[in-house]
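Visitor: pasting the sequence and the predicted model now:
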Amino acid sequence: MHQFEINGGARLAGKLKVDGSKNAALPLMAASLLADYTLTLQNVPELSDIDKMVRLLGELGVTCTDESGAMELFVKDPTLCHARYDVVSTMRGSICVLGPMLARRGKARVSMPGGCAFGHRPIDLHLRGLEQLGARIRLENGDIVAEADRLKGATIFLGGPFGSTVTGTANIMSAAVLAEGTTVIESAACEPEIVDLANMLNAMGARIEGAGSPRLVIDGVEELKGTTHSVMPDRIVAGTWAIAAAATNGEIVLERFPWDSLLAALDVMDQVGIRVERLDGGPCCSEATVRVTSDRRLKPAVLTTQPHPGFPTDLQAQFMSLLCLADGNSVITEKIYPERFMHVAELTRMGAQFTRQGPTVVIQGVPGLVGAQVMACDLRASACLVIAGLVAKGRTVVTRVYHLDRGYVQMEKQLAALGADIQRTDDKTGEVIWSSSMATEAPSIEIIAQPDPAKTFVQGDA
Ligand code: EPU
C-alpha cells in the first residue's frame, strides 16, 4: 500500500485550480442511466471513486469514454440491472445508481451498502422515498431489489434524525423526474451538489423547481435527452487547500473556488484569522479566484457541523488539525456523524490535546505538533493528518493513502507544487513512487511565489 512521507515546516505558496467535485460527479454520472442519449461531463476529477463508478456503470451497460478531456456516457445495454457487492462495498456513492436505474428500467438490484469507518450509515430514507413513488422493494441475498412499472409522483418527507440525506435526495429526485405526475420532496438536502444535479437534469429536459431549498417540486416527464455539463468545483477540496495554507502560515491563490458553497466555513475561517480575499471582483461567486493568507497566531473557534448551508462535516477533520495550533481552546461538535472522530487518536500521536465527550471534542491549542507515523481510515481524516504532517516538526508518515486517492487528485503533487516536502512511497518495499524533488511533473499548477524564508514559521514550531 502507498503512504505519504512528509517533512513538515514548509510554508505553502502558489496557485491551484480546484478540481471538479467527487460528490457532485457521482450522481451526475449515475444520471446517465436515465436517458438513451449521450451525456457529456466536463471537469470530472481523476479519482479512484470515479474509476469505480465508471466500472459500476460499465457493469450496468453504460459505456464511459474520455473524449478530449470530457467524459461521455452512453447507455448501450439497458437490460443489465445488478450493482454487485464487489463495487458497492468499496464505495457508498454507488447507491446513486438505484433511483435512476429503477426509474428508467423498472428494475434495480443494488447490493446493500455495508458499514462505514465513521459509523452506521443507513439508507432507510432512500428506500422509503422510492416506495412512496410506487416501488416494490425487498432484500434478497444482501441485495436491495426494487421494481416498478412506472413510478408515480408523491409527496415525500426526506428528513431523518440527522437532517436530510444528500445521496437520498439525489436518488429520489433522479427517480421522480421520470415518474408520472408531480412529486414534492419536503426536507430535501440543500447541498450544492444537489443543485448541480438538478441543473443538469433540467438541461436534459426534467422539470425540477426549488433545488437548493428544502422543498423540491418535480413534474415528471416521459423521457430525458442528453446534454453537456460541467461538474461544479469541489467545495471540500477547496476548503482543504485553504486550511492547509493557513496551517502553514502560507499564501496561496485558488481558482474555481466555490465561494457561495462555503459561506459557513468561510465564517469560521474569518473567526480563526484566515483571510480569504476575492481577487476577481466579478459577480460570479460560484467559481471565484481567491487569495488565502492567515494571521501568524490563529484564534480558537467553536463550530458545529450541520447540513448545508451549515458547516460541512466533510471539513470537520481538516479544521481540527488547524485548531490544534490555535491560541486557546476550541470546541467541535459533530451533528451529522457523531462517531466521525477517528483522527482524534491519530492527532494525539502527534502531540495534539483533546477531550472528547460523545459528539463533542474540546481541542486545547498546543505550540506545535511533532511528526509521527499515523494511519487514516477515511478520506477526510486522511486529509486532516496530511495537514498536521505539513505543520509538524520532523517527519510524518501517513499510511493507507488510498483513502486520499478517493477524493483528492494527486494530492502529493498539488501540495508539492505549493512547496511541500512530500513523497509517495510503498509501505512494504520503501520504494519512492513520487517525490516533491520531481515536482516539475506537476501539471497545471503554477507557482506564483516562493515561501519567504525571512518570515518565521510560527504555527508548528514545537
Ligand atoms: N441518514 C439516515 N438515513 C438515510 C440516509 C442518511 O438516517 O437513509 C443519516 C446518516 O446516517 C447521516 C445523515 O443522515 O447521519 C446524513 O447522511 P447523508 O445521507 O446525507 O450522507 P450521504 O449522502 O451518504 C454524502 C456525501 C458524504 C457527506 C454526507 C454529508 C456523497 C457520495 N457522500 O453522503 O461525503 O459526508 O453526504 O454531507 O455525496 C466524503 O466525501 O468524505 C463523504 C463522506
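Guide: Okay, I see it.
Visitor: for Gly328, see how far away Ala381 is.
Guide: Distance of Ala381 to Gly328, given as CB to CB, to the nearest Å: 24 Å. Heads up, the C-betas are built off the backbone N, CA and C, glycines and all.
Visitor: neighbour count winner among these two?
Guide: For the pair Ala381 and Gly328, the greater number of neighbours falls to Ala381 (28 against 13), based on other CB atoms under 10 Å.
Visitor: and the more buried one, helix, strand or coil?
Guide: helix (DSSP: H, G, I helix; E, B strand; the rest coil).
Visitor: can you tell me the closest non-neighbouring residue to it?
Guide: His343 (4.0 Å; CB to CB, 6 or more residues apart in numbering).
Visitor: right, is the strand or helix carrying the one you found up against the ligand?
Guide: In this structure, His343 is located in helix 342-348 according to DSSP states H and E. No: figure legend: helix 342-348 not in contact with the ligand (CB under 6 Å from any ligand atom); closest approach 12.4 Å.
Visitor: may I see the buried residues of the helix or strand following that helix?
Guide: Counting by DSSP H and E, the next helix or strand C-terminal to helix 342-348 is strand 353-357. Neighbour-count burial for strand 353-357 flags Phe354 (criterion: 16 or more other CB atoms under 10 Å).
Visitor: ok, whichever helix or strand comes after strand 353-357: who's next to it in the sheet?
Guide: Downstream of strand 353-357, the first helix or strand assigned by DSSP H and E is strand 360-364. Sheet pairing for strand 360-364, assigned by DSSP bridges, gives strand 329-333 (antiparallel), strand 353-357 (antiparallel).
Visitor: which other residues reach strand 360-364?
Guide: Residues outside strand 360-364 that contact it (CB atoms under 8 Å, 6 or more residues apart in numbering): 300, 320, 323-324, 326, 329-334, 341, 344, 352-356.
Visitor: now, of those residues, which are buried?
Guide: 300, 320, 323-324, 326, 330, 332-334, 341, 344, 352, 354.
Visitor: so where's this protein uncertain?
Guide: Counting by pLDDT under 70, the chain contains low-confidence residues at 115, 283, 440-462.
Visitor: returning to that earlier point: from the ligand, how far off is the residue nearest to Ala381?
Guide: As for His343, its distance to the ligand is 12 Å (criterion: CB to the nearest ligand atom, to the nearest Å).
Visitor: who touches that residue in this structure?
Guide: Contact analysis of His343 by CB under 8 Å, 6+ apart lists Ala317, Met320, Ser321, Ala376, Ala381, Cys384, Leu385.
Visitor: all helices for the stretch 201-350 of the chain, in order.
Guide: 235-247, 263-272, 316-323, 342-348 (DSSP state H, counting those that start in this stretch).
Visitor: out of the ones you listed, flag the one nearest Ala198.
Guide: Ala198 lies closest to helix 235-247 among the helices of the stretch 201-350 of the chain, at 16.6 Å (CB to CB).
Visitor: quick one: name the residues of the stretch 1-150 of the chain near the ligand.
Guide: Contacts of the stretch 1-150 of the chain with the ligand, taken as CB under 6 Å from any ligand atom, map to Asn23, Leu26, Arg92, Gly93, Arg121, Pro122, Ile123, Asp124, Leu125, His126.
Visitor: shouldn't the last one be within a helix?
Guide: Yes: counting by three-state DSSP, His126 falls inside a helix.
Visitor: re the thing from before, and which of the residues of the stretch 1-150 of the chain next to the ligand is nearest Thr38?
Guide: Leu26 (18.7 Å).
Visitor: chain center to the helix or strand harbouring that closest one: distance?
Guide: In this structure, Leu26 sits in helix 22-30 according to DSSP H and E. Computed by CA atoms, centre = their mean, to the nearest Å, the chain-centroid distance of helix 22-30 equals 10 Å.
Visitor: flag every buried residue along stretch 101-115.
Guide: Residues of stretch 101-115 classed as buried: Met101, Leu102, Ala103, Arg104, Arg105, Gly106, Ala108, Arg109, Val110, Ser111, Met112, Pro113 (neighbour count, 16+ other CB under 10 Å).
Visitor: take those residues and keep only those in strands.
Guide: Residues of the buried residues of stretch 101-115 located in strands (DSSP state E): Ala108, Arg109, Val110, Ser111.
Visitor: strands of the stretch 101-250 of the chain, start to end?
Guide: Under the criterion DSSP state E, counting those that start in this stretch, the stretch 101-250 of the chain contains strands at 107-111, 136-140, 143-147, 155-157, 182-186, 207-209, 215-219, 227-230.
Visitor: beta-bridge partners for Gly160, please?
Guide: Gly163.
Visitor: export the contacts of His343 to CSV and tack on distance to the ligand?
Guide: Below are the contacts of His343 laid out as CSV (distance: CB to the nearest ligand atom, whole Å):
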residue, distance to the ligand
Ala317, 9
Met320, 15
Ser321, 16
Ala376, 12
Ala381, 9
Cys384, 11
Leu385, 14
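Visitor: quick one: Val237 from Phe257, how far?
Guide: Relative to Phe257, Val237 is positioned 10 Å away (CB to CB).
Visitor: neighbour-wise, which of the two wins?
Guide: Between Val237 and Phe257, Phe257 has the larger neighbour count (other CB under 10 Å), namely 31 against 26.
Visitor: surely that one meets Ser286?
Guide: No: the pair Phe257 and Ser286 fails to qualify as a contact (CB atoms under 8 Å) at a distance of 9.4 Å.
Visitor: re the thing from before, out of the contacts of His343, what pair is the most spread apart?
Guide: Pairwise distances among these were taken by CB to CB; the largest, 12.9 Å, belongs to Met320 and Ala376.
Visitor: need the residues touching each of these two.
Guide: By CB under 8 Å, 6+ apart, Met320 and Ala376 have these common neighbours: His343, Cys384.
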